[in-house]
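Novice: pasting the sequence and the predicted model now:
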Amino acid sequence: MIKYLFVLAFTACLFFSVKAQPVAVANALPYSNYYKIRGGANNFMYAVKKNKSATVAFLGGSITYNPGWRNKVTAYLNERFPDTKFRFIMAGIPSLGSLPHAFRLKRDVLDSGRIDLLFIEAAVNDRVNGTDSLTQLRDLEGIVRHAKRINPLIDIVMMSFADPDKNSDYAKGKIPVEVTNHELVAKHYNLPSINLAKEVYDKIKNKEFSWDNDFKDLHPSPFGQELYFANIKSLIQKLDKQQFTAPNHKKFPKMLNKWSFATGNYQNITTAKLNGKWVLNPAWSPADGLGTRPGFVNVPMLITDTPGAELTLPFTGTAIGMGIVSGGDAGTVSYSIDNRPYQEIDLFTPWSNSLHLPWYILFSGNLHRGKHVLKLKIADHHNINSKGNACRIVYFLRNE
């Protein structure tokens, strides 16, 4: 189970020994230009100031997983509220965006107990992974509704981080689709949000720093991590200044999309019916020397590299998919739901030759409520760049 709980205050590490502060300039754009308070974080502040105990979770990809802004936020919360006992849940996994987050939320975050504040970021990996706009919306709304159904008092901050594609969009006068979806969901559910992608673009244009020399990469340099933290710190300070009351929650607004994944979860791979050409490996690890991701190595997987291997998965819900590990030998699969015509999906990704990449595939996201059957079979051909026909299934994805 991917749960990293940090109860003690953050201890400074070598990464932060580097002095990398955004340089003050006379006409620097204020951080407050790039966040919206909306409904604030009343319930979190009550937990911090009255209960003296609070849990903060961080859900995201590699920018959340890597040392940087997250560690600085945890240290700052301990410093600002020294009488409060904090529990921090680190649920960042590199390469994962909103689709994986929607289905792993329960296991990796909500099963850890009551959460008072949840930070969410997915905008960078949603662009990199090619997640379409409609799926992004269903993912993000699903995460918010799922979290608030489990704990109506949870406060949530949605964040859009920067990357070169977003800089390019803003330069053309376009709002990146990922930012649009993050802000749409945040506004609909009255949540605080931070548009760090726009801040980075604007501050570069304002000549406060440069991408190549200072920020450097979508995985920010220490300078970029400090910039992210400084904005989040400013938001926390603003939230802290607001008058807070006893916890309260409001009725959910109507769903933006009726097919949003508000009950996303994993379905155990052992529920599949196999034709004998599959192996259930209880603790898979690669033999080819390629890298892996936390939670996607030394865990059970359904594995085959045999064309013609088939499985059948009975399930109940409105969405079905699978989480796989896609390495240099990733194959091609065909699938059918409820005996409809088979459709084909290439499991090989642009990164498969260098990494056993966790890759989430949504077969269908708008099924009628009730019972269904998924059929999956391995094709006798594969991507020209692949070395084989492998399929390694870590989870089935289901919106119940």
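Specialist: Thanks, I have it.
Novice: show me where the stretch 301-400 of the chain has strands.
Specialist: For the stretch 301-400 of the chain, applying DSSP state E, counting those that start in this stretch gives strands covering 310-316, 319-326, 332-337, 343-346, 357-364, 371-378, 391-399.
Novice: quick one: closest of those strands to I143.
Specialist: Of all these, the one in closest proximity to I143, counting by Cβ to Cβ, is strand 391-399 (11.9 Å). Glycine gets a C-beta too; all of them are placed from N, C-alpha and C.
Novice: next, the angle from the closest one to strand 357-364.
Specialist: 50 degrees (axes from the mean of the first three to the mean of the last three Cα atoms, to 10 degrees).
Novice: neighbouring strands for strand 391-399, and are they parallel or not?
Specialist: strand 264-267 (antiparallel), strand 299-304 (antiparallel), strand 319-326 (antiparallel) (DSSP bridges).
Novice: picking that back up, nearest to N213, of the strands of the stretch 301-400 of the chain?
Specialist: Using Cβ to Cβ, the nearest of these to N213 is strand 357-364, at 30.3 Å.
Novice: what lies in contact with that closest one?
Specialist: Residues outside strand 357-364 that contact it (Cβ atoms under 8 Å, 6 or more residues apart in numbering) are 93, 95-96, 99-100, 103, 135, 293, 295-296, 319-327, 335, 337, 345, 347, 349, 351, 374, 394, 397.
Novice: what strands line up against that strand, and which way round?
Specialist: strand 319-326 (antiparallel).
Novice: for the strand it pairs with, output the C-alpha coordinates as CSV.
Specialist: Below are the C-alpha coordinates for strand 319-326, written out as CSV (Å, rounded to 0.1, in the frame of the first residue of the first chain):
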residue,chain,number,x,y,z
ALA,A,319,-16.4,2.8,-15.8
ILE,A,320,-13.8,0.2,-16.4
GLY,A,321,-10.1,0.3,-17.1
MET,A,322,-6.7,-1.1,-16.1
GLY,A,323,-3.5,0.1,-14.6
ILE,A,324,-0.5,-1.7,-16.2
VAL,A,325,3.3,-1.6,-16.2
SER,A,326,4.4,-0.7,-19.8
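Novice: what about that strand, average pLDDT?
Specialist: Strand 319-326 shows a mean pLDDT of 97 in the predicted model.
Novice: what of stretch 291-305?
Specialist: For stretch 291-305, the per-residue pLDDT averages 94.
Novice: which residues touch it?
Specialist: Residues from elsewhere that reach stretch 291-305 (Cβ under 8 Å, 6+ apart): 2, 65, 93-95, 108, 269, 272, 274, 277-286, 311, 325, 329, 331, 354-358, 378, 388-394.
Novice: mind running it again at 6 Å?
Specialist: By Cβ atoms under 6 Å, 6 or more residues apart in numbering, the surrounding residues in contact with stretch 291-305 are 2, 93-94, 269, 277-285, 325, 355-356, 358, 378, 388-394.
Novice: mark which of those residues are buried, thanks.
Specialist: Among the contacts of stretch 291-305, those buried by neighbour count (16 or more other Cβ atoms under 10 Å) are 2, 93-94, 269, 278, 284, 325, 355-356, 358, 378, 389-394.
Novice: quote the end-to-end distance of stretch 52-72.
Specialist: By Cα to Cα, to the nearest Å, the extent of stretch 52-72 from end to end equals 20 Å.
Novice: pLDDT wise, what is the closest residue to L313 other than its chain neighbours at?
Specialist: Of all residues not flanking L313 in the chain, L374 sits nearest, at 4.3 Å (Cβ to Cβ, 6 or more residues apart in numbering). The model reports L374 with a pLDDT of 98.
Novice: neighbours of L374, how many?
Specialist: Applying other Cβ atoms under 10 Å, we find 22 residues neighbouring L374.
Novice: ok, what's across the strand from it?
Specialist: Beta bridges link L374 to L313, I337 when assigned by DSSP bridges.
Novice: domain ranges for this structure?
Specialist: The record's domain parsing of the chain by automatic domain parsing lists 4-241, 264-399.
Novice: for the ones you listed, give me JSON lines that also has distance to M255.
Specialist: Converted to JSON lines, these look like this (distance: least, Cβ to Cβ, whole Å):
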{"stretch": "domain 4-241", "distance to M255": "7"}
{"stretch": "domain 264-399", "distance to M255": "12"}
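Novice: worst average pLDDT in those domains?
Specialist: domain 4-241 (a mean of 92).
Novice: now do the helix or strand in which T74 is found: everything it contacts.
Specialist: Using DSSP states H and E, T74 falls within helix 69-80. Applying Cβ under 6 Å, 6+ apart, the external contacts of helix 69-80 come out as A9, F10, F58, T64, F86, F88, Q225, Y228, F229, I232, K233.
Novice: how many other residues sit next to I156?
Specialist: Considering only other Cβ under 10 Å, I156 is surrounded by 25 other residues.
Novice: got the angle between the host helix or strand of it and helix 69-80?
Specialist: Element membership for I156 (DSSP H and E) is strand 155-160. Inter-element angle recorded for strand 155-160 and helix 69-80: 140 degrees (by the same axes, to 10 degrees).
Novice: how far is strand 155-160 from where the chain is centred?
Specialist: 12 Å (Cα atoms, centre = their mean, to the nearest Å).
Novice: strands paired with that strand, and their directions?
Specialist: strand 117-121 (parallel), strand 193-195 (parallel).
Novice: return the distance of the first one from the chain's centre.
Specialist: Between the centre of strand 117-121 and the centre of its chain there are 9 Å (Cα atoms, centre = their mean).
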